[in-house]
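Colleague: Coordinates for the following, if possible.
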Amino acid sequence: MPKQGEFYQRDRQRHPPAHDPRYKTSVARSPQYSLISLENTVSEITGPVFGHNDIDEMDRDLIYNYAQPGESAIGERIILHGRVLDENARPVPNTLVEIWQANAGGRYRHKKDTYLAPIDPNFGGCGRTLTDENGYYYFRTIKPGAYPWRNYVNSWRPAHIHVSVFGTSFAQRLISQVYFEGDPLIPKCPIVQTIPSQEAIDSLIALLDMNATIPLDTIAYKFDIVLRGRRSTLFENRLEGN
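Modeller: Purely as a prediction, here's the structure:
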């Protein structure tokens, strides 16, 4: 259980405004009234938690977890791995990390996704895992493709993976997006452009990790998730601060 007053104050200068005309849907979605903060009770901070019996080993392998027997997903094979840490760089063990993403062509398995790229019949696009005692997690998946979206005439989303992580309790769910080092679409994305801090943008980019790359098999990217504090990862469902 966290000690009283242990969490750092929110750094509000790090997060984008809820309303930014460059990101067109924020105009309609942004709050009309001032945001308020609600403190969690002791029961919310301390539980419940997830158990390993809830997760199958194949859940974190998106290359095969939706594929037919003898088949696999199509695209560039990657590993996404890292640690979930608190604001004092301590590991957060046994916490649920979930991801979802588009396929290699940039299309989601969703009935409202009408992008021209084809559906991969062997790729479901979602996975989950629990961190180990050191807060470590990893997924095997396909690098998602970029795709157009109706923000402006020629707006494209960089390749990205959505990530959901629970903190020290069930009530602390945070959601963000992971981009990939070297993608030229990152600085051109209207959503990314709303983030006022380059440091915060950098916290959303998974770095190429040749040490964890498997020769002739899978390229690795490293992405640590920091739940709170000055070094925290930017979370899109906590735009008022995390």
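Colleague: alpha carbons only for contacts and neighbour counts from here, please
Modeller: Noted.
Colleague: In space, what's closest to the most centrally placed residue in the chain - neighbours in sequence excluded?
Modeller: In the chain, the C-alpha nearest the mean C-alpha coordinate belongs to V163, at 2.5 Å (C-alpha atoms, centre = their mean). Nearest residue to V163 in three dimensions, chain neighbours excluded: I99, at 4.5 Å (C-alpha to C-alpha, 6 or more residues apart in numbering).
Colleague: Around that neighbour, how many other residues sit close by?
Modeller: Close neighbours of I99, defined as other C-alpha atoms under 10 Å, add up to 21.
Colleague: Number the residues from 294 up from this point.
Modeller: Yes, from this point I'll number from 294; that puts the last item at I392.
Colleague: That one reaches H453, doesn't it?
Modeller: No: the criterion here is C-alpha atoms under 8 Å, and I392 misses it with H453 at 10.4 Å.
Colleague: Is A311 located within a helix, as I assumed?
Modeller: No: A311 is assigned coil when assessed by DSSP: H, G, I helix; E, B strand; the rest coil, not a helix.
Colleague: For it, the count of nearby residues, please.
Modeller: 18.
Colleague: Excluding residues flanking it in the chain, which one is nearest it?
Modeller: Per C-alpha to C-alpha, 6+ apart, closest to A311 is S323, 5.2 Å.
Colleague: hang on, isn't that neighbour packed against P314?
Modeller: No: using C-alpha under 8 Å, S323 makes no contact with P314, being 10.6 Å away.
Colleague: List the buried residues of stretch 309-325.
Modeller: Buried residues in stretch 309-325, counting neighbours by 16 or more other C-alpha atoms under 10 Å, are found at P309, A311, H312, D313, R315, Y316.
Colleague: Quick check: most distant residue from the centroid of this structure.
Modeller: Distance-from-mean max, the chain, by C-alpha atoms, centre = their mean: G363 at 29.3 Å.
Colleague: Looking at that one now. What's its pLDDT?
Modeller: Note on G363: pLDDT of 97.
Colleague: Tell me how far it lies from N396.
Modeller: 19 Å (C-alpha to C-alpha, to the nearest Å).
Colleague: now swap in Y316 and tell me
Modeller: Spatial separation of Y316 from N396 under the definition C-alpha to C-alpha is 24 Å.
Colleague: same question, T334
Modeller: For T334 relative to N396 (C-alpha to C-alpha), the value is 40 Å.
Colleague: who's more crowded, these two?
Modeller: The neighbour count for T334 versus N396, taken as other C-alpha under 10 Å, is higher for N396 (27 against 9).
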